Structure formats: structure tokens, C-alpha cells
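A.B. asks: Below is the sequence, then the predicted model.
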Amino acid sequence: MSMLETIENPFKPKAARIVRQYDLIKDHRFFQLRHIDMKKAMSFSYNPGQFIMLSIPGVGESPFSISSTPSRPGILELGVRKVGILSDAFFQKKDNEVVYIRGPYGNGFKLDQMVNRNLIIVAGGLGVISLRSILYYVLDNRDQFKQIFFLYGTRTPDEFLFKTEFFQLKQRDDIKCLYTVDKPNAKWTENVGVVTKLFEKLPKLDPLETTAVVVGPPVMYKFVIDEFLKLKIPKNQIQLSLERRMKCGIGKCGHCAIEHLYTCMDGPVFTYWDTLHFRELI
Ligand SMILES: Cc1cc2nc3c(=O)[nH]c(=O)nc-3n(C[C@H](O)[C@H](O)[C@H](O)COP(=O)(O)OP(=O)(O)OC[C@H]3O[C@@H](n4cnc5c(N)ncnc54)[C@H](O)[C@@H]3O)c2cc1C
Ligand code: FES
């Protein structure tokens, strides 16, 4: 065997099987994938906040946030909205069919900055897909963190993702979950109003011992960050994940570049402090 044949190409997609899938809400589906190569399945390591490139041969390739936690290895979970060519083809796949994955890519959340601190996780709409990874990571490593708050808002109850599991989390006494919708229906029993209204329900926290993370639609960031700043959380302790159009995911194509930053490699997670220096990021 030649030298070249022994070097594995890290960018070559690996085959993975769909082991389970179900609809979260209309046009949004949850997928569990497992690498066919068992060694790869068990050794695939990542940080919450990273993403993978998912491809279907002859169709295309797109980035998707990893929704599972590295603290539960073997299975990779995604939450996908059907918006175009690749996601449409993915939705047509049956259980046990094969798709291709490369990654993980991006930096992920700065977990080392969160240890021994309070954590406020704020999700809006689809942003909860990537935050679900850090949510379960901190719950699986609960002793390493102080108080944990999970705030999640959607426009209507019909758009609320992972309803069953997130309502089960409300039973736990080691995390405070606050949920809200802008427009309730008759069955909705939680808060009503935009996600920033939930901040009224937080206890007094020492800002110097608190880290905050937020992922949601672009319009949400300014208002949520204003709330974090009112709580006096330091700007470098506010972490946000910012999506940009991406093609290669590895700093080659330039699709995601803002000045000298490549959001596929330098991001998608940035601190609020970073965004003050690169205003185009938000
Ligand atoms: C880091 C990252 C993580 C992501 N995580 C998820 C996820 O967890 N779940 C999920 O459903 N989607 C996620 N996305 C978005 C997803 O990659 C796009 O929706 C992708 O285009 C879907 O591919 P497609 O072929 O189905 O749609 P396409 O045919 O490529 O496009 C469908 C429509 O979406 C528009 N579009 C494509 N990419 C973007 C973008 N980045 N921002 C705004 N509009 C866009 C296109 O112009 C078009 O109008 C993520 C994107 C990034 C960059
Ligand atoms: S997606 Fe190609 S450089 Fe970032």
C-alpha cells in the first residue's frame, strides 16, 4: 500500500444510517443518525454548538447544527426544517437508509468559561436545535455548574419544538425552565409574550458568576442582549451562535467570510464582545 493510500482524507464524507426520525412540528423533523463504521460512531467527538455538513449523493450538501450532546456518544441528532433541495430529499429518506456526514465543524460554545458559574440559556424558534446540545451537556455534567436557567420562546404553541421532552424537564429541580409564546391557543398553560419578558422571572444572580448563551432568529439578538446587559453580565460572557451561508465549512470557499473572519471556522459561536468589533456579524 502506498503512503497516500494510508492517509485518510478528513474531508471525505462518512456514511451514516438514519436510525430514527419523527416530525417535531409541520416541516420540521428530528433525525437520529449513526455512522456505519462503529469505531467512527463511538469516536465521533464534538462540542455543543458545532455543526456537520450533511450530503446526499447527486442532490447536494448543507450545514446542520448538532442537536445531540457529546456526553451521550454513538448517535448524532439533528433537527431539520424542510426549506429546499437537500432538506426535501432528506425528508424523503426512510429509516435505515444512508446519508453522508463530514465534520464536526466550527468552534462550538466555550464550555470552559461556564464551569462553576450560573448559566442562562435563551432560545428562540429554531435556535433551540443547537442549544439542545448544550442543554443536555450541562445537565449530564450538572455538578460542574451553578444555577441553570432555560428560557425558550416561539411565536405560537404549534411552533414549539421538542415539546414533550422540554415539558418533562420542568419536573427537575436542578434547572429552571421558562417557556413562552407570542400568541397562545386555548391549550397553552405557560407564559405569554416575547422571550425577553421571561427575564422578569429570573432571581437575582451575581453577574460576575454568570454566563449567558443565546441562539434564535436575527431580530431576537438585540433585545435579548439588552436584557443580559441590564443584568450586568460581562460582554465576553455572552455567547451567541450566528449562522451565515456556508458551502465548504472548512475556510476554503469564502462564502461565510466577514472581513478576515470565517464564520465556519472562527464561529459560528462568538461572544458579544467579538460582535462589537465586527458589527456585520449580527
Ligand atoms: C452553521 C449552520 C447551522 C445550521 N443548522 C441548521 C439546523 O440545525 N437545522 C436547519 O433546518 N437548518 C440549519 N441551517 C440552515 C440550513 O443549512 C439551510 O436551510 C440549508 O440551505 C438547507 O439546505 P436545502 O438544500 O434544503 O435548502 P436550499 O435549497 O439551499 O435553500 C432553501 C432556502 O434557504 C435559503 N438559505 C440557505 N442557507 C441559508 C442561510 N444560512 N441563511 C438564510 N437563508 C438560507 C436559500 O437562499 C433558499 O431560499 C444551518 C445553517 C448553518 C450555516
Ligand atoms: S463556508 Fe467556505 S469558507 Fe466558510
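C.D. replies: Received the coordinates, thanks. Ligands and ions are numbered 1, 2, ... in the order given.

A.B. asks: List the beta-bridge partners for residue 151.
C.D. replies: For residue 151, the beta-bridge partners are residue 122, residue 178 (DSSP bridges).

A.B. asks: Please report the distance of it from residue 198.
C.D. replies: Going from residue 151 to residue 198 by CB to CB, to the nearest Å gives 5 Å. Yep, even glycine has a C-beta here, placed from its N, CA and C like the rest.

A.B. asks: With neighbour numbers in mind, choose between the two.
C.D. replies: Counting neighbours by other CB atoms under 10 Å for residue 151 and for residue 198 shows that residue 151 has the greater number, 26 against 23.

A.B. asks: which residues in the stretch 101-250 of the chain form strands?
C.D. replies: Secondary structure of the stretch 101-250 of the chain by DSSP state E, counting those that start in this stretch: the strands cover 118-124, 148-154, 176-181, 191-192, 210-215, 238-241.

A.B. asks: Mind listing what's buried along stretch 26-33?
C.D. replies: Residues of stretch 26-33 classed as buried: 28-33 (neighbour count, 16 or more other CB atoms under 10 Å).

A.B. asks: What of stretch 200-207?
C.D. replies: Buried-residue list, stretch 200-207, by 16+ other CB under 10 Å: 202, 205, 207.

A.B. asks: got the contact list for it?
C.D. replies: 118, 120, 147, 149, 178, 191, 231-234 (CB atoms under 8 Å, 6 or more residues apart in numbering).

A.B. asks: can you tell me which two in the residues you listed are farthest apart?
C.D. replies: Spatial extent of the contacts of stretch 200-207 (CB to CB) is set by the pair 191 and 234 at 27.4 Å.

A.B. asks: For this structure, what lies in contact range of ligand 1?
C.D. replies: 51, 60, 62-65, 79-81, 83-87, 129, 243-246, 268 (CB under 6 Å from any ligand atom).

A.B. asks: and the residues you listed, which of them are in strands?
C.D. replies: 51, 60, 62-65, 79-81 (DSSP state E).

A.B. asks: ok, those residues vs ligand 2, which is closest?
C.D. replies: residue 63 (7.9 Å; CB to the nearest ligand atom).

A.B. asks: got the contact list for that closest one?
C.D. replies: By CB under 8 Å, 6+ apart, the neighbours of residue 63 are 51-54, 105, 246, 249, 264.

A.B. asks: Spatially, what comes nearest to the closest residue to ligand 1 within the stretch 51-200 of the chain if we skip its sequence neighbours?
C.D. replies: Closest contact between the stretch 51-200 of the chain and ligand 1, by CB to the nearest ligand atom, is at residue 84 (2.1 Å). Among residues not flanking residue 84 along the chain, residue 62 sits closest, at 7.9 Å (CB to CB, 6 or more residues apart in numbering).

A.B. asks: which stretches of the chain aren't confidently modelled?
C.D. replies: 1-6, 279, 281-282 (pLDDT under 70).

A.B. asks: same thing but at 90, please
C.D. replies: 1-12, 113, 218-219, 242-245, 257-261, 274-282 (pLDDT under 90).

A.B. asks: Kindly provide the distance from residue 50 to residue 225.
C.D. replies: In terms of CB to CB, residue 50 sits 22 Å off from residue 225.
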